[in-house]
Structures are given as structure tokens and as C-alpha cells.
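In: Sequence and computational prediction follow.
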Amino acid sequence: MPKILIVEDEKAISGVLESILSDELKDYEFVIAEDGLEGYKLIEKDDFALVISDIKMPKLNGTELLKQALQLKPEITFVMMSGHADIDTAIDSLKNGAYDFISKPIDINRLLTSVKNALDKEKLLAENQTLQTENKSLKKKVHKRFTMIGESPALKKIQDMIEKVAESDARVLITGPNGAGKELVAHALHSQSNRSKGPMIEVNCAAIPSELIESELFGHVKGSFTGAIKDKQGKFELANNGTIFLDEIGDMSLIAQAKVLRVLQESKVSPVGSDKSVRVDVRVLAATNKNMKEEIAASRFREDLYHRLSVIEIYVPPLDERKEDIRILIEHFAKVISEEHGNAMVSFSDEAIKDLENFSWTGNIRELRNVVERLIILGSNPVSAEDVANFVRK
Ligand SMILES: Nc1ncnc2c1ncn2[C@@H]1O[C@H](COP(=O)(O)OP(=O)(O)OP(=O)(O)O)[C@@H](O)[C@H]1O
């Protein structure tokens, strides 16, 4: 239970305060100190949601208590109480960091309002602190999730390209087979760009039915079709001042392609059912595992859209073409997965790694990660060549 400290040398006053406040604030425990020194010792030992302190007290006065307590715990909230004679001191205490002061004789309503406001402020600060910590740890997790591991010349080339083009607003088409790391490249481009503080919005074009894609990308107004029960912002608007990542663009219908082309030409979007258009400042990244030349030849993809999307093209080759990355990827995934499982670090024997290097990885890095996870769960520590033979069917 959170605690409130009352520091007051007159027992009659502290008693009355405690009984009134505890009636109103049932979720708090009250602690009483009879002078500033005792109050300081309690603050040293314990955490208080609020300190209500008199100013004139023996041993350590309220002003000194405030100063010393704030040095010890800068986030602590104080409400001071003062007689008429020391009103100036009370005002000074506000300058020194107290939240409020109340003059004696105490007006109970004024006291309750002040105490409740002070506690609200304290709660907001605590919540803010928690959110900031959560945000930091989420950012770290996201960063970890999108770290690109590898030392092959192919990966180095990709990283060089990312470094060169990240800062420009050039559209980038990322190509390569499933599971090779295209999404990772898109995240690296966003996080190394000037837009990194803005949003990165991902759209899996293959997963959205063609009749819904327009509303997904550009939004709609209420009543524009059955089911449009309220206005909805589209992904392009949500990505304003940031990046939109159109994954599996090769699977987008021709109708949707025409609409995306218009946005790229005009930098404006019109929500479905609206005759107004909204200007958007969005960098467009796209990815596909399809051979776009073949798609264009078969009239499944618009050539004009392809040229607009692929100002820069980054090709992520399959893992089988960069086998020198396998060892370092296994070690990386072993570490990450052991951490995720909350286990001791599992290592891989040299023979196990060599056998894994000799396999063909049609599912690329995604498949390798799954296999490492399977071996960590089912195999011994260190994972042996025998474990690989037993648990990986190739
Ligand atoms: N270089 C790398 N280092 C570490 N992890 C990687 C690397 N490349 C890919 N991965 C991991 O492999 C998995 C697949 O990668 P990703 O989703 O980027 O592939 P993709 O090419 O976008 O696949 P798809 O086309 O199927 O969407 C993810 O878990 C990703 O974190």
C-alpha cells in the first residue's frame, strides 16, 4: 500500500489530519513523524507517495527537510503547512520544489484538494516513468530483432548500399527469396534515415483482399461502403513523415497497382468515398520475392509502377549463396533463442555447424532460425552432429 508521511510536531494537529485524510484516502497508509529529523530518517528508509510537512518544527525545520529530502529523492512530492507568520518561508518552499503550501488554521477542503492533486501528479509521474522504461526496453528489443548478422561479401554489399541510400528519400525495391532478410533491409533503411523518428508502417500486400486494399492504404469515410461504420485513416496517412513498407508488392492486384501509382505520382491520397485529397510525405520501400521482369512480361505487374518503385534495387541473395554467414548466424540465433527461453546459453559443436553448412537452405535464414530453435529444444548442450542427424531432416 502506498504511504503518506505527515511531519508535524503538534500531536493534536497530526492526529486530526490523519483521521480526516485516512477517511478520504482509503488506499494509503499514514505515517507520522514528530519533527523534521524523524521525518528525514523515515524518508531515507521508505518511499512515500506524498509528504505533508509543517514548517516550524524542532530539530530540523520543514524548509530544511524539504531541501535535504529532495536531494536524496528528487521525485518526492511535498505539501507544506505554515502559520501566518511564516507565509514568506512557505512561498520560498515552492521555489525550492514543494508542490503546494497550505496556511494554518487549515481549511480542510483546501487541504484535500491540494493533497489529491499532488497524488494525481505523483501517479502521472510514476506512470510516465514506467512508460519511458517500457519504451526504452521495447526499442532495444526491436533493435535487436532487426540486427543484420553476417560477414559475407554479399551482406557487406547490402550494408554498404543501405548506408548510401538510407538518408536519401529514394524509393527502394528489395528483391530476393522468402526468408532471406528483405524485411530486415527495409527496417535498416528506415532506422538509418532522417525519418527514423517518424513511423514505419508495414503493409503485407499479399494478405489483404483486393477489394479492401484501397481502404487499407488510403482510408475511407464513414458510410462509403457497407461496414464502413466510421472514418478510418489509411496506411499512407499513418506513415506521414515516415516510411511505408509495401511487402509482397508483386502480389498486389492490377487495380490496386493503378491506385498506388497515382499516389506516387501526386504525393496525395484520397480516402475511399471522399472527394478531398490529403497531401502525404512518405518514403516508399517495397519488397518482393517475384521476378519482376517476368511479372511485367506476363502483364501481372505494371511496368510504370515497377520503374517508380525501383529507383534503387537491393537484391538479398539466398543463404545458399553466402554459406560463410551460416556459422555466425547459428551462434547469433543460439544466443538469442537461449535468452528467449530463459535457459543457459546453448552452443553448437564444430561438426554440427559443418553439417548444417552443407545443407541446402531453401527457406533461407527463416528456416535456419527454426532449425536452431528445434535443436536447442531437442538436442544436447553442446548440440552435436548426432543431434543434427536425428532432428534435421534434409
Ligand atoms: N542477416 C540476418 N541476420 C539476422 N537475422 C536475419 C538476417 N536475415 C534474416 N534474418 C531473420 O530471418 C527471418 C526472415 O527474415 P525476413 O522476414 O526479413 O525475410 P524476408 O525476405 O522479408 O521474408 P519473406 O519474403 O518471407 O517475407 C527473420 O526472423 C529475420 O529476423
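Out: Sure thing, it's come through.
In: The closest residue in space to residue 246 that isn't next to it in sequence: neighbour count?
Out: Computed as Cβ to Cβ, 6 or more residues apart in numbering, the closest residue to residue 246 that is not its neighbour in sequence is residue 286, at 4.3 Å. C-beta here means a position set from N, CA and C on the backbone, and glycine is covered the same way. Neighbourhood size, residue 286 [other Cβ atoms under 10 Å]: 27.
In: now do residue 23
Out: Residue 23 sits with 9 neighbouring residues when counted by other Cβ under 10 Å.
In: Next one: it relative to residue 362, how far apart?
Out: Using Cβ to Cβ, to the nearest Å, residue 23 is found at 71 Å from residue 362.
In: what does residue 136 give?
Out: The spacing between residue 136 and residue 362, counted by Cβ to Cβ, is 38 Å.
In: Next to the ligand in this structure, residues from the stretch 151-300 of the chain, please.
Out: By Cβ under 6 Å from any ligand atom, the part of the stretch 151-300 of the chain that sits against the ligand consists of 176, 178-184, 289.
In: From the residues you listed, pick the one nearest residue 41.
Out: Taking Cβ to Cβ as the measure, residue 41 lies nearest residue 184 of those, at 54.6 Å.
In: That closest one: what's it in contact with?
Out: Residue 184 is in contact with 146, 148, counting by Cβ atoms under 8 Å, 6 or more residues apart in numbering.
In: Retrieve the pLDDT associated with it.
Out: According to the predicted model, the pLDDT of residue 184 comes to 95.
In: Now the spatially closest residue to residue 229 that is not a sequence neighbour. Its backbone dihedrals?
Out: Of all residues not flanking residue 229 in the chain, residue 222 sits nearest, at 6.6 Å (Cβ to Cβ, 6+ apart). Summarising the backbone geometry of residue 222 under the convention degrees, to the nearest 10, its torsions are phi -50, psi 130.
In: Touching, residue 222 and residue 230? I think so.
Out: Yes - with contact taken as Cβ atoms under 8 Å, residue 222 and residue 230 are classed as touching, separated by 5.1 Å.
In: Number of residues surrounding whichever residue of the chain sits closest to the ligand?
Out: Using Cβ to the nearest ligand atom, residue 181 is the residue of the chain that sits closest to the ligand, at 2.8 Å. By other Cβ under 10 Å, 25 other residues sit near residue 181.
In: which ones are touching it?
Out: Shown here is residue 181, whose contacts under the criterion Cβ under 8 Å, 6+ apart are 148, 316, 364-365.
In: what's the next secondary structure element after the lengthiest helix in the chain?
Out: Among all segments of the chain classified by DSSP state H, the helix with the greatest residue count is helix 108-145. Where DSSP states H and E defines the elements, the next helix or strand beyond helix 108-145 is helix 153-166.
In: how about that following helix: buried residues?
Out: By neighbour count, with 16 or more other Cβ atoms under 10 Å as the criterion, the buried positions of helix 153-166 are 154-155, 158, 161-162, 165-166.
In: any chance of these in JSON lines, with distance to residue 74 too?
Out: As requested, the buried residues of helix 153-166 are exported to JSON lines (distance: Cβ to Cβ, whole Å):
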{"residue": "154", "distance to residue 74": "52"}
{"residue": "155", "distance to residue 74": "46"}
{"residue": "158", "distance to residue 74": "46"}
{"residue": "161", "distance to residue 74": "47"}
{"residue": "162", "distance to residue 74": "42"}
{"residue": "165", "distance to residue 74": "45"}
{"residue": "166", "distance to residue 74": "39"}
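In: isn't residue 47 right up against residue 4?
Out: No - counting by Cβ under 8 Å, residue 47 sits too far from residue 4 to count as a contact (11.2 Å).
In: Between these two, which has more neighbouring residues?
Out: Set side by side, residue 47 and residue 4 show unequal neighbour counts under other Cβ under 10 Å, the larger going to residue 4 at 24 against 11.
In: bridging residues for the more buried one?
Out: Taking DSSP bridges, one obtains residue 30, residue 50 as the residues bridged to residue 4.
In: So for it, what's the pLDDT?
Out: Note on residue 4: pLDDT of 94.
In: What of residue 143?
Out: 66.
In: same question, the one 5 residues further on
Out: Predicted confidence (pLDDT) for residue 148: 91.
In: nearest residue to it other than its sequence neighbours?
Out: When the adjacent residues along the chain are set aside, residue 148 lies closest to residue 184, with 5.3 Å between them (Cβ to Cβ, 6+ apart).
In: wait, is the one you found part of a helix?
Out: Yes - Residue 184 sits within a helix when classified using DSSP: H, G, I helix; E, B strand; the rest coil.
In: Could you list the low-pLDDT ranges of this protein?
Out: Per-residue confidence of the chain (counting by pLDDT under 70) places the weak regions at 84-85, 140-145, 394.
In: Please parse it into its domains.
Out: Per automatic domain parsing, the domain ranges recorded for the chain read 3-128, 146-317, 321-391.
In: The second one spans what distance, first to last residue?
Out: Yep, that's domain 146-317 we're talking about. In domain 146-317, first residue to last residue: 18 Å (Cα to Cα, to the nearest Å).
In: if I pick residue 92, what's in contact with it?
Out: Taking Cβ under 8 Å, 6+ apart as the test, what residue 92 contacts is residue 63.
In: Tell me which helix or strand it sits in.
Out: Using DSSP H and E, the element containing residue 92 is helix 87-95.
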